[in-house]
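> What follows is a predicted structure for the sequence shown.
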Amino acid sequence: MLLAAFLMPLLFSFNQGYKKVLYLSSTQNLDHDSIIIDKIYRLREVQARDQYLRTLTKGRQGVSIMITTNPSHEAPFYLIQVGYNNSSRFEVYYNFRINNKFIKMKKIMPYIEVLNSSGDFVMLSTWRRTRHI
């Protein structure tokens, strides 16, 4: 017999100055999820995109952050997408990941990785140095 787990991505939407949980899986660890969402939201790239969206939507909408994959034995990473959630689709701006073993550390920023234009995950600090903006 196959058991289906209730798995939906966790999506936080930052609209009108507050954080709203849009989807929640019964299998997720809210302590870890809150830490991840908070740390990702504080990244300067995410803050800049949030401000841009707020300007564009006259303050009605900001970025949304979705934890798309939780760690497993095969892949110990949380996968996180940052984007714009509108009525027709979720438009992804950034793909991040972080190893589960670093979540409880006081400073997790050095361990955040981002998907680069070549399709590889690289350390956030490296990605920042090599971006051409």
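On my side now, so go ahead.

> Just grab the bridge partners of the residue most central in space within the chain for me.
Nearest residue to the geometric centre of the chain (C-alpha atoms, centre = their mean): Ile80, 3.4 Å. On the basis of DSSP bridges, Ile80 is bridged to Ile67, Phe96.

> Confirm for me that it is in contact with Ile98.
Yes: at 7.5 Å, Ile80 and Ile98 qualify as touching, with contact defined as C-beta atoms under 8 Å. C-beta: built from backbone N, CA, C; applies to glycine.

> where do the strands sit along the chain?
10-15, 18-23, 64-69, 77-85, 90-99, 113-115, 121-123 (DSSP state E).

> closest one to Arg129 among those strands?
When these are compared by C-beta to C-beta, strand 121-123 sits nearest Arg129, at 9.6 Å.

> any idea of the mean pLDDT in the closest one?
For strand 121-123, mean pLDDT is 96.

> buried ones in that strand?
Buried residues in strand 121-123, defined by neighbour count with 16 or more other C-beta atoms under 10 Å: Phe121.

> From the chain's centroid, how far away is that strand?
15 Å (C-alpha atoms, centre = their mean, to the nearest Å).

> which residues do Ile80 and Ile98 both contact?
Ile36 (C-beta atoms under 8 Å, 6 or more residues apart in numbering).

> for this protein, which spans come out with low pLDDT?
1-30, 132-133 (pLDDT under 70).
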